[in-house]
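Undergrad: one predicted model, sequence on top.
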Amino acid sequence: QLQLVESGGGLVQPGGSLRLSCAASGFTLDYYAIGWFRQAPGKEREGVSCISSSGRSTTYADSVKVRFTISRDNAKNTVYLRMNSLKPEDTAVYYCNVRKDFLDYWGQGTQVTVSS
């Protein structure tokens with residue numbers, strides 16, 4: 001059974017850092033691009049970052065460029081999102097996503113709260 005599990009969220013002060021993990025099971029991540037998305041209360045889900053299957057190509061939303069870094073370790077079947085210089089507006093539930101065989105798969109999400 002294909003499953004994505006996010007972890008690493010929490011409460012952090014403005015300017016702080018977190019590293020989110022997206023661990024896959026039931027399939028091998030190697031062949032797929034993986035995306036990170038987030039959804040803040042009362043807002044639509046938005047794309048944050050994406051990484052190609054090889055890891056050589058990455059994209060970022062303008063709001064997180066320079067501050068966030070996406071990476072992957074195919075040997076561990078895991079994708080990461082390093083988040084630095086966090087702002088209150090980064091508060092959201094963060095999800096990872098894979099599109100496999102024309103279907104979208106999502107994890108359950110991990111809450112990130114940036115507050116003093």
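TA: Nice, thanks for sending it over.

Undergrad: so which helix or strand takes in S71?
TA: Following DSSP states H and E, the helix or strand that holds S71 is strand 68-73.

Undergrad: likewise V79?
TA: Counting by DSSP H and E, V79 is found in strand 78-83.

Undergrad: so for that strand, what's the average pLDDT?
TA: For strand 78-83, mean pLDDT is 98.

Undergrad: quick one: strands adjacent to whichever helix or strand comes after it?
TA: Remark: after strand 78-83, the chain's next helix or strand is strand 92-100, criterion DSSP H and E. Sheet pairing of strand 92-100 (DSSP bridges) gives strand 34-39 (antiparallel), strand 103-106 (antiparallel), strand 110-114 (antiparallel).

Undergrad: from R99, how far out is the residue sitting nearest the centre point of the chain?
TA: Central residue of the chain (C-alpha atoms, centre = their mean): W36, 3.3 Å from the mean position. Distance, W36 to R99, using C-beta to C-beta, to the nearest Å: 14 Å. Quick note: C-beta positions are derived from backbone N, CA and C, even for glycine.
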